[in-house]
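A.B. asks: Structure of the sequence below:
(chains A and B)
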Amino acid sequence: MLRSRMRYLLLSSCLFVLFACSAAYKQMQPATGNVNGLQKFKPAITVALYNTQVDIVGNHLSGLLLIKKMPDSSTRMLFSNEIGFKFFDFEFAPDGSFKVYSIIKQMNKKSVLKTLRKDLELVLMERLDSSNVSVHTSDGLLYYVFPQAKGYNYYITDSTGDKLVRMERASKKKTVVEAIMQNYINGIPDTIGISHKTFNFSIGLKRIER
Amino acid sequence: MRKIILILLVLVAGITSKAQYTGYTPVGDLVKFKADFAAATLRTNSIKSDFIQEKNLAMLSEKIISKGKFWFKKENQVRMEYNQPYQYLMIINKDKVFVKDGQKENKISTKSNKLFQQINKIMIDCMQGTALNNPDFKTRVFENKNASLVELTPLTRGMKELFRSINVIVDKKDFSVVTIEMQELSGDNTLIRFTNKELNATIPDALFTIK
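C.D. replies: Next up, the predicted model:
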């Protein structure tokens, strides 16, 4: 029970850090950095199970998120509750395409799917196109900026590029989503947090040892 | 050519829908089975057991296995405590459901939550033996030497969207539930296997209290 409480507190504190962060896009200055260095933060998942807490506008949902790399190099993400009821099953293909294998009726809305897809793509780090990246600095941090169809994905490291401080999804002006990945064990983050800035929606993942 | 493929598909579908379960044969006297089942469940006032839940993800070739403790007490009271590899508690008491995941607690009225209403009904129906008379399902029963397999095929729209069928295997000795298998439309399934069962053990009401 104590262990579970500690894990929960750790996750809560990570989510708090996310809320406390603020975008510094205006102060950014051009800089140089090694975009290939970001690859070490990409979750090296063959298969991993995460205890999952979702809070959305006052509603709480918990369950298990299974992430699996498939033989065709696509990544499947399946979210079910603890008693086995499946909420969704998504596929992220290496070419950037996205497939919904199943989703419950209550979640099957275009805006929900779009949000989940973008949030999960941000942390999967599958498509870091080095030909299309720019590097900036602000507050002693390096910002690797990847333009998206709408807005930008930011991967923010410390000045040496040794630590992934956070990730952000942003419009041209403001941060939409902040995310963290921490405590990597064999290339797989133990803790993942995703927090929306424009409405009350957060996802907390804590890896389960099987 | 298309016609031939269509005919073949219809034939295969026909054969599949009539498929039975390996090692099981249809129960001849369904009325007697129902009467025996009802009598046995009438004698069972409580069940205490361990359980192993296996979520089989066919397309992902993966299994998620979890374990825990299970308590059932008449009328309509169930407590499931998952303790491996995660902590999760679910208490069903009449039409109320309490869940605790990590540090979060949640009370749900099954009157307002369709999903829990359905889970509640399935669980209680299976334990109390009332599944056979549930009008929401078409029932077929098969048997082998030691066990009976009750196949419940959903008839209502809501349940049809969730499950292809729910198969309940009961021990012929005491008609207690051995496994519940929930078959999803995708080919995935969830299997709950009950072990170390104690029938009519004394179970304090406090285990089912929803504060």
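A.B. asks: All the strands of the chain, residue numbers only.
C.D. replies: This is for chain A. Counting by DSSP state E, chain A has strands at residues A:29-30, A:47-56, A:59-69, A:75-80, A:86-92, A:98-103, A:134-138, A:141-147, A:152-157, A:164-170, A:175-185, A:188-196, A:201-208.
A.B. asks: Switch to chain B, please.
C.D. replies: B:25-26, B:46-57, B:62-73, B:77-84, B:88-93, B:96-101, B:104-109, B:137-143, B:147-154, B:165-171, B:177-183, B:189-199.
A.B. asks: Mean pLDDT lowest where, among the ones you listed?
C.D. replies: Mean pLDDT across the strands of chain B is lowest at strand B:104-109; the value there is a mean of 82.
A.B. asks: Go through it and flag the buried ones.
C.D. replies: B:Ile108 (16 or more other CB atoms under 10 Å in any protein chain shown). Every residue, glycine included, has its C-beta placed from N, CA and C.
A.B. asks: That one pairs with which strands, parallel or anti?
C.D. replies: Neighbouring strands of strand B:104-109 in its sheet, by DSSP bridges, are strand B:96-101 (antiparallel).
A.B. asks: which residue sits closest to the residue most central in space within chain B, ignoring its sequence neighbours?
C.D. replies: Central residue of chain B (CA atoms, centre = their mean): B:Ile180, 3.8 Å from the mean position. The shortest distance from B:Ile180 to any residue other than its chain neighbours is 4.7 Å, reached at B:Ile192 (CB to CB, 6 or more residues apart in numbering or on different chains).
A.B. asks: Enumerate every residue touching that neighbour.
C.D. replies: B:Phe51, B:Ile52, B:Gln53, B:Glu54, B:Thr179, B:Ile180, B:Glu181 (CB atoms under 8 Å, 6 or more residues apart in numbering or on different chains).
A.B. asks: likewise A:Ser134?
C.D. replies: Per CB under 8 Å, 6+ apart, neighbours of A:Ser134: A:Pro30, A:Tyr144, A:Val145.
A.B. asks: Need the worst-confidence member of those.
C.D. replies: A:Pro30 (91).
A.B. asks: is it true that that residue touches A:Tyr143?
C.D. replies: No. Look at A:Pro30 against A:Tyr143 with CB atoms under 8 Å: they stay out of range, at 10.2 Å.
A.B. asks: so what sits against both of the two?
C.D. replies: A:Val135, A:His136, A:Thr137.
A.B. asks: so which of those residues is the most crowded?
C.D. replies: Using other CB atoms under 10 Å in any protein chain shown as the neighbour test, those are led by A:His136, with 19 neighbours.
A.B. asks: Run through the bridge partners of that one.
C.D. replies: Going by DSSP bridges, A:His136 is paired in beta bridges with A:Pro30, A:Tyr143.
A.B. asks: Can you name the residues that contact B:Ala41?
C.D. replies: One correction, residue B:41 is Thr, not Ala. B:Met127, B:Gln128, B:Gly129, B:Thr130, B:Phe175.
A.B. asks: which non-adjacent residue is nearest the last one?
C.D. replies: It stands for B:Phe175. Nearest to B:Phe175 is B:Ala40, by CB to CB, 6+ apart, at 3.6 Å.
A.B. asks: What of the first one?
C.D. replies: Distance criterion CB to CB, 6+ apart; nearest residue to B:Met127, sequence neighbours excluded, is B:Phe72 at 4.6 Å.
A.B. asks: For the one you found, which residues are in contact?
C.D. replies: Applying CB under 8 Å, 6+ apart, the residues contacting B:Phe72 are B:Ser46, B:Ile47, B:Lys48, B:Val78, B:Arg79, B:Met127.
A.B. asks: A:Thr198 against A:Val176, yeah?
C.D. replies: Yes. Using CB under 8 Å, A:Thr198 makes contact with A:Val176 at a distance of 5.8 Å.
A.B. asks: hmm, back to that, nearest to chain A among the contacts of B:Ile192?
C.D. replies: B:Gln53 (6.3 Å; CB to the nearest CB).
A.B. asks: On the strand side of things, show who the closest one bridges to.
C.D. replies: Bridge pairing for B:Gln53 - DSSP bridges - gives B:Ser66, B:Ile192.
A.B. asks: count of neighbours near the closest residue in space to A:Phe92 that isn't next to it in sequence?
C.D. replies: In space, and not counting its chain neighbours, A:Phe92 is closest to A:Thr75: 4.6 Å by CB to CB, 6+ apart. Residues within reach of A:Thr75, counting by other CB under 10 Å, total 19.
A.B. asks: pretty sure A:Thr75 is touching A:Lys68, no?
C.D. replies: Yes. The criterion here is CB under 8 Å, and A:Thr75 meets it with A:Lys68 at 7.1 Å.
A.B. asks: got any residues that touch both of the two?
C.D. replies: A:Ile45.
A.B. asks: So B:Ala39 versus chain A, what's the distance?
C.D. replies: Applying CB to the nearest CB, to the nearest Å, the value for B:Ala39 to chain A is 30 Å.
A.B. asks: Count the residues that sit near that residue.
C.D. replies: Counted with other CB under 10 Å, B:Ala39 comes out at 11.
A.B. asks: what residues are up against residue 65?
C.D. replies: Assuming you mean chain A. Taking CB under 8 Å, 6+ apart, one finds A:Leu49, A:Tyr50, A:Thr52, A:Met77, A:Leu78, A:Phe79, A:Leu205 in contact with A:Leu65.
A.B. asks: please go with chain B instead
C.D. replies: B:Ile65 sits in contact with A:Arg210, B:Ile52, B:Gln53, B:Glu54, B:Lys55, where contact means CB under 8 Å, 6+ apart.
A.B. asks: Find the least confident helix or strand in chain A, judged by mean pLDDT.
C.D. replies: Here the helix or strand of chain A ranked lowest by mean pLDDT, DSSP states H and E is helix A:2-20, holding a mean of 46.
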